[in-house]
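Participant: A structural model of the following input is requested.
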Amino acid sequence: MQAFEKFLFGGQVILDASESEGKWEDWLPRMGPDTFTGEFALHHADFWDWYWGMLQARKARRKIGADDLVYPAVWPRGGGKSSAVEWACIAEGALLNKGYVLYLSGTQALAEGHLQAIKNRLESSEISKWYPGLGNPKVGKFGQKFGWRQNMLITEGGWGIAALGADVGIRGGKLIDVRPTMIVVDDLDDLHDSFQLVQRKIEVLTRSVLPTGTGQTIVLFAQNLIHRHSVLNQMLTGKVRILSRRRITAPVKALEGLEIEFSNGRDRITAGRPTWSGLSLVACQKFLDDSGKDAFLAEYQHDFAASLEGLVIPEFDERIHLITWSEFQAIYGIRTIPAHWKKDVGLDWGSSGYEAHPTAVSFFTTSGEDSVLPGVHFLYKGLTFGTSVLVDHVGEAIQEAIGGKVGSESERAYRRFRMSHEARSERDTLRIKYGIPFQAASAGKRDGIAQIRHYLQVDPNMLHPFKPDVWGKSFFYWIVEDDQLEVAKDDAGLSRWREEIIDWRWIPQEIHDTGITREMPVKFRDDAMDSMRMITQKWMPNMTPITGEQKKELEFPEALRKVNLPDDPLQRESWEQGRWLVGARLAKRRELLELQKVAKRGGYFGTSSS
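Facilitator: As a prediction, the model looks like this:
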């Protein structure tokens with residue numbers, strides 16, 4: 001720093017940069033006059049109050065509480081989030097003259113773009129003037145600028161920053177062997193992220209990036225919510241439990257009191273007050289015109305209600321409809337599907353890979369009448385197969401899933417096997433070679449959808465039968481492995497099914513003969529849904545009825561049923577006597593009821609013919 005050089009700022013004489021370091025309101029406009037040209041919004045002030053406090057604590061070597069180390073900056077598009085976190089990085093190097101920042105974005109190119117913006121600011125006249133050690137690269141023994149690279153900056157003063165893309169992972173981003181003092185997560189989510197890509201980003205963040213920090217590493221998560229399945233939105237809603245100890249911040253909308261009206265073919269903003277003067281109504285209206293109402297509400301207002309419109313199955317709710325095998329076992333006392341419950345199998349044939357059209361198989365069952373909770377429907381297993389799968393692989397996998405060929409003693413409960421009508425060759429092979437009697441399902445694009453929606457209805461006024469602390473009871477549940485309830489990884493977590501149902505939408509389709517437009521479900525990434533429709537178009541498996549012997553057993557008082565036979569020989573003798581007496585009375589009552597039925601049918605009951 002040039003300690004004795006005078007600098008006029010805000011009407012007062014400043015001797016050096018350190019005199020403005022006490023207040024971010026002074027330091028930021030002074031160091032970044034081209035960035036900080038207007039007023040700060042309330043959410044900006046909250047962020048900088050928090051961050052400046054973190055820097056002062058680190059400077060004084062005070063320990064920072066775990067609840068203060070993580071700050072989610074959930075600001076709207078155009079709300080200045082990237083500028084804020086980029087300058088937060090620079091402030092660390094300037095005020096502390098040490099540290100290492102790991103800057104994570106969705107792709108390496110995005111991360112390096114942010115790094116380039118920081119590099120440009122470091123080379124500005126203001127930074128070079130007051131913090132020359134920060135504005136110059138670290139020079140090697142032979143004069144080479146080894147610290148000034150596309151994906152890494154190491155300054156002359158010793159502060160460093162590395163850019164990392166989630167598409168590369170930590171191995172590609174482990175540029176210096178130093179634990180980061182700060183991790184910035186900026187632009188991690190993207191509107192077009194698939195379900196699988198979101199899960200990969202979560203794994204990169206939680207298993208590769210965050211573990212590189214220490215107990216005092218600051219984490220800035222700067223992102224608008226993008227869509228309801230984004231990493232940030234899943235974190236904030238608790239769907240994935242990451243960075244659970246964090247500063248409480250509310251998502252900031254671009255406009256308060258927003259009203260949108262449709263007129264003359266356009267959605268128009270008719271009312272709304274910007275939460276920051278730097279984000280104008282004109283800019284909001286332009287994005288609304290260019291990208292549409294759904295995108296505007298999601299990215300500027302963090303509102304996904306509109307995005308639910310047009311879903312084929314809007315009833316599905318993972319909180320209600322997903323249960324684990326442990327939760328199933330807690331009710332039925334067994335961690336597998338009972339052999340006598342009726343079961344159906346639906347198969348949608350595909351051969352172009354997981355990202356396009358894989359082969360998908362759905363396994364359904366319905367709890368029997370003799371169970372604790374009878375008549376409940378379950379999707380209890382799913383199988384997917386990749387590119388150019390052989391029908392033999394599918395047949396062997398289905399045989400393994402059902403425990404052998406259909407008709408074996410243990411698998412008589414499998415009643416219906418239905419699959420794609422167009423896959424005749426595969427259907428014949430499965431039937432002839434593997435003994436699995438698949439039949440062609442209806443080719444109707446809408447067949448089975450109404451039934452799925454019917455089964456997934458939720459009664460919010462009833463307690464969940466498998467989750468005692470949750471309100472909401474349905475007719476249909478999907479069973480997943482315990483460790484995949486929150487994040488699906490593969491078929492054991494019904495990954496493909498969960499991925500498709502949340503984005504399966506109606507699209508207008510013209511019926512050419514009549515010119516009428518009718519909504520049809522989009523025919524892309526719907527394979528798991530189609531495998532379900534193969535069965536639901538004929539409804540779910542029926543409930544296995546109790547046998548005559550089971551009915552007789554249920555007539556006994558619970559204490560005298562066979563399952564409650566005492567172990568103690570003395571108690572057993574009196575129990576058997578009691579059961580014999582009750583059994584005799586029940587047999588007599590059944591005999592009288594049968595005679596009454598004969599009489600009602602026109603027979604003779606205690607009389608003789610004339």
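
Participant: any idea of the mean pLDDT in the biggest helix by length in the chain?
Facilitator: Among the segments of the chain that qualify as a helix by DSSP state H, the longest is helix 569-600. Here helix 569-600 scores 85 as its mean pLDDT.

Participant: got the buried residues for it?
Facilitator: Within helix 569-600, the residues scored as buried using 16 or more other Cβ atoms under 10 Å are 575, 579. (C-beta placed from N, C-alpha, C; glycine too.)

Participant: same deal with stretch 418-430?
Facilitator: 418-420, 423, 426-427, 429-430.

Participant: number of nearby residues for residue 89?
Facilitator: Around residue 89 there are 25 other residues, counting by other Cβ atoms under 10 Å.

Participant: If we ignore the residues flanking it in sequence, what's nearest residue 23?
Facilitator: residue 52 (7.7 Å; Cβ to Cβ, 6 or more residues apart in numbering).

Participant: Show me the helices in the stretch 51-200 of the chain, by range?
Facilitator: According to DSSP state H, counting those that start in this stretch, the stretch 51-200 of the chain carries its helices in the segments 81-96, 108-122, 125-130, 132-135, 170-173, 195-203.

Participant: taking the mean pLDDT, what do you get for the first one?
Facilitator: Think helix 81-96. Helix 81-96 comes out at a mean pLDDT of 93.

Participant: Only the buried residues of it, if you could.
Facilitator: Buried-residue list, helix 81-96, by 16+ other Cβ under 10 Å: 81-95.

Participant: So for the residue nearest to residue 23, what's the pLDDT?
Facilitator: Predicted confidence (pLDDT) for residue 52: 95.

Participant: Could you do residue 512 as well?
Facilitator: On the pLDDT scale, residue 512 gets 54.

Participant: Repeat that for residue 28.
Facilitator: On the pLDDT scale, residue 28 gets 93.

Participant: Torsion angles phi and psi at the nearest residue to it once chain neighbours are set aside?
Facilitator: Nearest non-adjacent residue to residue 28, counting by Cβ to Cβ, 6+ apart: residue 36, 4.8 Å away. The phi/psi pair for residue 36 (degrees, to the nearest 10) reads phi -100, psi 80.

Participant: burial of residue 207, as a residue count?
Facilitator: Neighbours around residue 207, by other Cβ under 10 Å: 11.

Participant: next one: residue 388
Facilitator: 8.

Participant: so it, which of the three states?
Facilitator: coil (DSSP: H, G, I helix; E, B strand; the rest coil).

Participant: what's the spacing between it and residue 419?
Facilitator: From residue 388 over to residue 419 the distance is 18 Å, taken as Cβ to Cβ, to the nearest Å.

Participant: ok, now residue 577?
Facilitator: When residue 577 is compared with residue 419 (using Cβ to Cβ), they lie 57 Å apart.

Participant: Burial check on residue 167, number of neighbours?
Facilitator: Counted with other Cβ under 10 Å, residue 167 comes out at 17.

Participant: Quick check, it in contact with residue 111.
Facilitator: No. Under the criterion of Cβ atoms under 8 Å, residue 167 is not in contact with residue 111, lying 9.6 Å apart.

Participant: which SS state does residue 422 fall under?
Facilitator: Note that with three-state DSSP, the state of residue 422 is coil.

Participant: Look at it and report its pLDDT.
Facilitator: 85.

Participant: and it, what does it touch?
Facilitator: By Cβ atoms under 8 Å, 6 or more residues apart in numbering, the residues touching residue 422 are 349, 443.

Participant: ok, 10 Å please
Facilitator: With contact taken as Cβ atoms under 10 Å, 6 or more residues apart in numbering, residue 422 is in contact with 349, 440, 443.

Participant: ok, back up a step: mark which of the buried residues of stretch 418-430 are part of strands, please.
Facilitator: 418-419 (DSSP state E).

Participant: and which of the buried residues of stretch 418-430 is nearest to residue 461?
Facilitator: residue 418 (35.0 Å; Cβ to Cβ).

Participant: Can you select the buried ones from the contacts of residue 422 in ChimeraX?
Facilitator: To isolate in ChimeraX the members of those that are buried, counting by 16+ other Cβ under 10 Å, one can use:
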select :349
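
Participant: Dump the contacts of residue 422 to a markdown table, plus secondary structure.
Facilitator: A markdown table is the format used below for those (three-state DSSP):
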| residue | secondary structure |
| --- | --- |
| 349 | coil |
| 440 | strand |
| 443 | coil |
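
Participant: got the contacts of residue 422 as TSV, with pLDDT columns?
Facilitator: As requested, the contacts of residue 422 are arranged in TSV below (pLDDT from 0 to 100):
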residue	pLDDT
349	92
440	92
443	80
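
Participant: Find the nearest non-adjacent residue to the residue nearest the centre of the chain, please.
Facilitator: What sits nearest the mean C-alpha location of the chain, by Cα atoms, centre = their mean, is residue 229, with 5.2 Å. Nearest non-adjacent residue to residue 229, counting by Cβ to Cβ, 6+ apart: residue 198, 5.9 Å away.

Participant: ok, now residue 555?
Facilitator: Nearest to residue 555 is residue 586, by Cβ to Cβ, 6+ apart, at 5.3 Å.

Participant: and residue 494, what is it in contact with?
Facilitator: So residue 494 contacts 322, 362, 379-382, 384, 478-481, 484, 488, 501, 528 (Cβ under 10 Å, 6+ apart).

Participant: tell me how far the longest helix of the chain is from the chain's mean position?
Facilitator: 56 Å (Cα atoms, centre = their mean, to the nearest Å).

Participant: returning to what we had before: strands - which of the contacts of residue 494 land there?
Facilitator: Those of those lying in strands (DSSP E): 322, 362, 379-382, 384, 478-480.

Participant: Max pairwise distance over those: which two?
Facilitator: Applying Cβ to Cβ across the ones in strands among the contacts of residue 494, the maximum distance is between 322 and 384, 17.6 Å.

Participant: Mind checking which of the two has more residues around it?
Facilitator: Applying other Cβ under 10 Å to residue 322 and residue 384 shows that residue 322 carries more neighbours, namely 24 against 21.
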